[in-house]
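> Structure for the following, please:
(chains A, B, C, D, E, F, G and H)
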Protein chains: 8
Amino acid sequence: MYGWRARLGLMTASGIIAPESEYWLMAPEGVSCHFTKMPFTGGGTKDIIEELKTAEKFLDEAVTLVADARPSAIALVGTGASFCGGYGYDQQLIQKMRSRIGNLPATTGASSAIAALKKVGARKISLAMPYVEDVARVGRKFIEDNGIQVVNSKWLNHRDSFEIAQIPRETIYNLAKEVDDPESDAVFISCVALFVVEIIETLEHDLKKPVVTTNQAIMWNLLRMCNINEKIEGFGELLSKY
Amino acid sequence: MYGWRARLGLMTASGIIAPESEYWLMAPEGVSCHFTKMPFTGGGTKDIIEELKTAEKFLDEAVTLVADARPSAIALVGTGASFCGGYGYDQQLIQKMRSRIGNLPATTGASSAIAALKKVGARKISLAMPYVEDVARVGRKFIEDNGIQVVNSKWLNHRDSFEIAQIPRETIYNLAKEVDDPESDAVFISCVALFVVEIIETLEHDLKKPVVTTNQAIMWNLLRMCNINEKIEGFGELLSKY
Amino acid sequence: MYGWRARLGLMTASGIIAPESEYWLMAPEGVSCHFTKMPFTGGGTKDIIEELKTAEKFLDEAVTLVADARPSAIALVGTGASFCGGYGYDQQLIQKMRSRIGNLPATTGASSAIAALKKVGARKISLAMPYVEDVARVGRKFIEDNGIQVVNSKWLNHRDSFEIAQIPRETIYNLAKEVDDPESDAVFISCVALFVVEIIETLEHDLKKPVVTTNQAIMWNLLRMCNINEKIEGFGELLSKY
Amino acid sequence: MYGWRARLGLMTASGIIAPESEYWLMAPEGVSCHFTKMPFTGGGTKDIIEELKTAEKFLDEAVTLVADARPSAIALVGTGASFCGGYGYDQQLIQKMRSRIGNLPATTGASSAIAALKKVGARKISLAMPYVEDVARVGRKFIEDNGIQVVNSKWLNHRDSFEIAQIPRETIYNLAKEVDDPESDAVFISCVALFVVEIIETLEHDLKKPVVTTNQAIMWNLLRMCNINEKIEGFGELLSKY
Amino acid sequence: MYGWRARLGLMTASGIIAPESEYWLMAPEGVSCHFTKMPFTGGGTKDIIEELKTAEKFLDEAVTLVADARPSAIALVGTGASFCGGYGYDQQLIQKMRSRIGNLPATTGASSAIAALKKVGARKISLAMPYVEDVARVGRKFIEDNGIQVVNSKWLNHRDSFEIAQIPRETIYNLAKEVDDPESDAVFISCVALFVVEIIETLEHDLKKPVVTTNQAIMWNLLRMCNINEKIEGFGELLSKY
Amino acid sequence: MYGWRARLGLMTASGIIAPESEYWLMAPEGVSCHFTKMPFTGGGTKDIIEELKTAEKFLDEAVTLVADARPSAIALVGTGASFCGGYGYDQQLIQKMRSRIGNLPATTGASSAIAALKKVGARKISLAMPYVEDVARVGRKFIEDNGIQVVNSKWLNHRDSFEIAQIPRETIYNLAKEVDDPESDAVFISCVALFVVEIIETLEHDLKKPVVTTNQAIMWNLLRMCNINEKIEGFGELLSKY
Amino acid sequence: MYGWRARLGLMTASGIIAPESEYWLMAPEGVSCHFTKMPFTGGGTKDIIEELKTAEKFLDEAVTLVADARPSAIALVGTGASFCGGYGYDQQLIQKMRSRIGNLPATTGASSAIAALKKVGARKISLAMPYVEDVARVGRKFIEDNGIQVVNSKWLNHRDSFEIAQIPRETIYNLAKEVDDPESDAVFISCVALFVVEIIETLEHDLKKPVVTTNQAIMWNLLRMCNINEKIEGFGELLSKY
Amino acid sequence: MYGWRARLGLMTASGIIAPESEYWLMAPEGVSCHFTKMPFTGGGTKDIIEELKTAEKFLDEAVTLVADARPSAIALVGTGASFCGGYGYDQQLIQKMRSRIGNLPATTGASSAIAALKKVGARKISLAMPYVEDVARVGRKFIEDNGIQVVNSKWLNHRDSFEIAQIPRETIYNLAKEVDDPESDAVFISCVALFVVEIIETLEHDLKKPVVTTNQAIMWNLLRMCNINEKIEGFGELLSKY
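Now for the predicted structure:
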């Protein structure tokens, strides 16, 4: 049986297509990934900050669904709601999720990223994002509110999740190299909708510092919360060293 | 980008844990699998036939969610509703799904199994199922109503989807060997909740006839409906020859 | 010729099916494994403690049979008789075996487990067992009588050897994680009838401490008694480091 | 669990060390091998024909022991008793074994060899044996009584099973080449105590005809009797084609 | 020494970046690729047809340069000039090239594509192009003037070579599937600036007909003109069968 | 797309055939190599020193051509012009190249070799060259003018680039061993026209000191100037350690 | 033990260095190669035809030496003496060799080449040789005297064996392509001193006909004379098909 | 060309069959082995000490023959003559060899073994030999005369070289384990006629100390004398560490 070591329950937005590929790629032997979707595509013309905040209203149902797979831990595979709502709001979301699954471990993309950055010892970071400026601004604020200094940041001004999935690796690679400031201890590439885990190691070779991405950080956080402490090669030092 | 060749939209029951592992295992290069869940576990004491028929009421929302991944084709990863409702009902479900996604290809587990069995040239089959008798009975009837004779059938009397996922390979292997009648042209192992694709080839070696399972049949049907005609090795002759 | 480096003579109970697979899997180049059986299945309704003690009466004949393969060392592949009889009795069994094979090295599962736990430096252990409570109790006592503190223990309440062989890896994995106490230096999973060697390394990654199982301990003890000091990868640090 | 496809129960003589290595080498995925021993070494000065006939008296107990592993089929891994007793006696042994295991399939080395030779279409064979002349003579007679003509035969004059295990591959290879008569359809290398399966393919390349050995024939017969029809590469065309 | 079997001399436009990767990928053991550049990027606002025709004036110098590598055969890695000038002009270019290298074999992208399409037996083709309409139109005409019927064609309307190199594989894959007409014997994907050789085999699996691309056709033509007749796997049936 | 991490623009002489093979062999994942040629073969009877100095007049056009591939860095793949012109002249060439590509990184073979030798900590070197004496003499002077002492040097007296490409590995291997002086910290094998990167590691094993070659030094310098800091195995410690 | 299937006794000239590498490369599992040397280098200014004929006087001693390795077959690894002496003389040499080794199989390079060419069905051949004209002339005559027509021949005019060993693969490859006449059924590359077996397959791909070399022909002849009939991949169709 | 890094000239006795297999197995990339034979088989009834001393009279001719392969170093692949003649005599043999090859490096088995044992730091050794007692005695004396204490020794009493080649690995493995004295720093297994290099690593794992054999020591000595300092895996720490 797949998932004999752990089943992970994962809730993500319907217009986001990267996570399923990325989580199955990173999952070690005996860990399976169980996804359900909440309605959100990032497209359209509504105020995106307002729209992101609505995730909460779909979260309850999504948690209930993934709980049926009897997961060892669950995650909201997204950062937008947390960035928009801020630190306290993010903690509330996590508590709400945990309360519906008998207090098993639960996390969000935003919380996992903060935990990962702290784990790799990053006090100052460079921050790369595909987002539009509004989301980029609250993302940066969220990170700094959590006590990590953002010494440089750049964003690509995409709004639609599907469009973000289509950003070529050359663009992400160059964005990360350009945003990287010699002062920063790590580079954080935010956004669960980006296909990026396959170039993390290359970036780390070239930048000579840890590179954290949201999906990688969620996977790491879920595994370690379940006491799956195996070192996983190929997706950056967060998973291969910590 | 993963899924450059096709993205498959897949709707399944929340208590069923086998499909995500099995579909990613079978997916060829460039094909990605996007799942959402509908509430159903098979557990409890309600009349299971009645319960299975309720799938329909969750299907609309599920189709809407997977449609956001811009899939090339979609499937209801389940057979229960179709078995209980019968041939005409199954066709209605498919039409309903298609109508919500601009007439892209759509299918169900039940329809895919019938198509697969016909493709491998099976006019008489042996039928293995994990189900309780009520479901086994309607399953058998559905197949025969589609013009395929069931020369022998056996069932294991499980009701709960999670329990079905835990059936060891030895049990499934032996069930298939025991149910196999020399008269049958193929063996069909029904139920999307079973972990079974990894022993299909072994069974085909030993039984010397095609072995069809529901998840394998759905994957085959989705790929061929998208004109992905690559032969896939390792999961039985349905995928490696047709 | 296989076995040019050593032939191992192994006596086990007739209803126990795991050892042959596990020993051939662990055996390094040039080591062959020669088994004979003694009647015992663990099933039935007799007092299991009484029944285990009868092993002794079949042991002489079994030793005589494996001696014909001109082994370098031999082992009683079982722990029950030793656990029930206690430390002194275990030593007598070993002496008796040695006396029939010209004082070549001989051991039991119980003695090998104690030696292995001491080798990995474990003074306090967590103890996982498939047994019924009566056997679990004497097992725990045997270990503590040998000077190793058992800080936590759990058992699954199985009596029949064949049933024990069918316990899925998910169950054993979770049992080991649940029984593991932060205070313990190692986890010991007792019982030669369990299929477990293939998950030892995974457990060690996740628990971050040595994991000893009975078959692994017997293999290690036999090899080292024959001065086969090669480090064997894949079955836990007992074989890869000591 | 190993042996999920079939467990094979195997009874052999205590002084014979080749079979355990050879059967595990040939066993396909999911098949496990469970051995017990009967006292016999071939050494000493007793009349070997008389001694071989005593196997029968140990057979009952051996069958009872391997039956506890719940095998799918069993075999007497030896040819001596059958060769000495003749065709009718061999059939009686098989019946006796079957009667103790609920009529599951059972066989002997002698019967399996005959079946294998007939399967590869051999009406005339060349016969290579490690035995002393007395055994060689009855072996040859047994084969001819089963309707297969022995056009040439050679033997190495060994009596002790352990000595037979030490015969180097060069000797067996040359013996087979020397005994091979252009008239023969196949070469049969008799004796379960010989290490020979690893050179069967080489011999078949060089002799350009099927080469059958006793252990290979038993393994083939057991698998096919259990309807394990997978073709196995590396041990001659009996297993790779039939 | 690399290139002991043949050195290929290749002249291409300076703004085209795909060929060097693609030719080294396809080159069999002992064949090396030697490139020089002629000024052209496809960008800007000049009449592209006029601009393409100027290739001729740089060709002489380019041929002189690659000739110093003592090539076995040479090619103009481009199709634009030939398409714009038409069949007779293309033949003149080839003659001119040959006259400067002692009549060694020489070819162009346009001629190689025609030869390849004829080799795979295509009398009717579907034609996919990244070009702007003007170039697409002359391309189509060139092919039809060579006696091959174009039953369907589509173009992506790109002008700049660098932009063409960035077209993702999903876009090219879908373009080929959409343009493919059931009547056509083959699909031709024109343009040396496209990265496409790595998906040729996937397209052939899915379309069930030969897929020819310009760089693949040039490589095939050069090799076969040098009597390098090895079948090369991985880049479509043109190279693996003809 | 190839070259997503960096495209390298490379200008070399038309009669030099080694670089294309060697650079593609050394290029890490995501780095592509784009070559153009300048007229020079080394053959003939003109004063080679005068001839080498003419490279400059072709350089401008060559830089303009490789610039169209939008490279991250460029190099003059040659040492002759720099050796003949001396240190100041080499710096002028580099400045001139940079001025035409918007000040992106640019280098020459001569400068890269000096940088590489300094990087591996070489203050005294042994120098092996295929050149005729005139070129060997200016080469040696260039190195010493850059502050590195040449404790021993040998040359093979070849003038024609094509002839240099044909020097067998045995000759280069022996030349390097013979020229190596125990006092030297490294061996430098000069000349971009030599096929030598595949034996660098062997030479380093046997000489127990770093071995630098011109193409290896240029590749290393280009990568590190682009901040591609991945360690590359197989071509000497310059690329695997620095 | 190496050589359990056959030991080959090989006598060659002291200045010829290719055979030891080539025979060990071609030798299948279980076949070992045992060489001794006879004095001859091909160098100097003596009449080479006269010198080659002296081989005979060293042959007796050489045969006696290789006989001590208890070979299954032996060969004179050379063609010169046979070519110079002609068909009858070659047969005498073979008889002489056989008479000293108890009539075991023996052969020469010349005889093996003829046998090989006949085996592949060649009635007309193209003939490539490194020799000086005198040897080339007698070589050609020898072949024609054996009933095989030489439709075209070329030679490289080398006399010294060591010089022949240094001929690069490019030269041999091109020689074979140039000498190949469309009329010929096969190409024969004569001379045991050439390193050539590694490009036989490449030549066969490109010439689309069998390519025979002397060392390959001797190895094939020795193996088949010992009834080692395994097909060997990688060195041309003589060894892989016949 | 094989042997581009070094050609080794090797002179051995005609009845000794192990070295050719063993040297080609150990030879690193670019090193080739060129053998000639001197008459000696070890068989018969002559005084073996007297017979071994006659090697000298064949040595001159053998050196002359291997010299024609233009070797980088040569060795007398044997120990008998040196053991019988003693230290001074061994040195004379070496001098004699060197004088015939222009003072290139030359060695014997006896000298190489002493050098190897000293290299691994062995002051006290255990000594295993296949020889008859007379040879064993002088072998032991030779080692002690070279300043290495032999704390234990055993011999198998074989005289004939061919018989020595047939000693099974089990016998050699057990001999080495039995002779090993805890006091010894290393085990030396003497005799070039033994097949032993493939079990050196296993013995080192099990004995936990360096194991030196004669062929391994000669190979190591030849390579290091030619400054081929690559570490070779698989044949003991002499070649992998020194």
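> Which parts of the lowest-mean-pLDDT helix or strand in chain A count as buried, going by neighbours?
Least confident helix or strand, chain A: helix A:48-53 with a mean of 81, by mean pLDDT, DSSP states H and E. Counting neighbours by 16 or more other Cβ atoms under 10 Å in any protein chain shown, one finds that the buried residues in helix A:48-53 are A:I48, A:I49, A:E51, A:L52. Every residue, glycine included, has its C-beta placed from N, CA and C.
> Check stretch A:105-113 too.
Burial within stretch A:105-113, assessed by neighbour count using 16+ other Cβ under 10 Å, is assigned to A:P105, A:A106, A:T107, A:T108, A:G109, A:A110, A:S111, A:S112, A:A113.
> And it, end to end?
Distance across stretch A:105-113, first residue to last, is 16 Å (Cα to Cα, to the nearest Å).
> A:G30 against C:H205, yeah?
No. Using Cβ atoms under 8 Å, A:G30 makes no contact with C:H205, being 10.7 Å away.
> if you count what's nearby, which of the two comes out ahead?
More crowded of A:G30 and C:H205, by other Cβ atoms under 10 Å in any protein chain shown: A:G30, with 20 against 16.
> re earlier: which is the next helix or strand following the least confident helix or strand of chain A?
Following helix A:48-53 in sequence order, the next helix or strand is helix A:55-67 (DSSP states H and E).
> For the helix or strand just after that next one, name the packing helices and strands.
Downstream of helix A:55-67, the first helix or strand assigned by DSSP H and E is strand A:73-77. Where contact means 3 or more Cβ pairs under 8 Å, 6 or more residues apart in numbering or on different chains; DSSP states H and E, strand A:73-77 is packed against strand A:6-13, helix A:55-67, helix A:87-100, strand A:106-108, helix A:109-119, helix A:214-225.
> Who are the packing partners of the helix or strand that strand A:73-77 is followed by?
Downstream of strand A:73-77, the next assigned helix or strand under DSSP H and E is helix A:80-85. Helices and strands touching helix A:80-85, by 3+ Cβ pairs under 8 Å, 6+ apart, are helix A:48-53, helix A:55-67, helix A:87-100, helix A:109-119, helix A:133-145.
> hey, C-alpha coordinates of the last one in CSV?
If I follow you right, that is helix A:133-145. Output in CSV follows, covering the C-alpha atoms of helix A:133-145 (Å, rounded to 0.1, in the frame of the first residue of the first chain):
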residue,chain,number,x,y,z
GLU,A,133,2.5,44.2,-6.7
ASP,A,134,-0.4,44.1,-4.2
VAL,A,135,0.2,40.6,-3.3
ALA,A,136,4.0,41.0,-3.4
ARG,A,137,3.7,43.9,-0.9
VAL,A,138,1.6,41.9,1.7
GLY,A,139,3.9,38.9,1.2
ARG,A,140,7.0,40.9,2.0
LYS,A,141,5.2,42.4,5.0
PHE,A,142,4.2,39.0,6.3
ILE,A,143,7.8,37.8,6.2
GLU,A,144,9.1,40.9,8.0
ASP,A,145,6.4,40.7,10.6
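> Nearest residue to A:D60 in space, please, no chain neighbours.
Take A:D60 and drop its neighbours on the chain: the residue closest to it by Cβ to Cβ, 6 or more residues apart in numbering or on different chains is A:R100, 6.8 Å away.
> just A:P71 next, same as before
Distance criterion Cβ to Cβ, 6+ apart; nearest residue to A:P71, sequence neighbours excluded, is A:G9 at 3.6 Å.
> Tell me, how many residues neighbour the one you found?
Neighbours of A:G9 (other Cβ under 10 Å): 28.
> and if you look at A:P182?
Neighbourhood size, A:P182 [other Cβ under 10 Å]: 9.
> ditto for A:K231
11.
> Equivalent analysis for A:Q95, please.
11.
> That one and H:A73, how far apart?
Going from A:Q95 to H:A73 by Cβ to Cβ, to the nearest Å gives 77 Å.
> Same check on A:W24?
In terms of Cβ to Cβ, A:W24 sits 56 Å off from H:A73.
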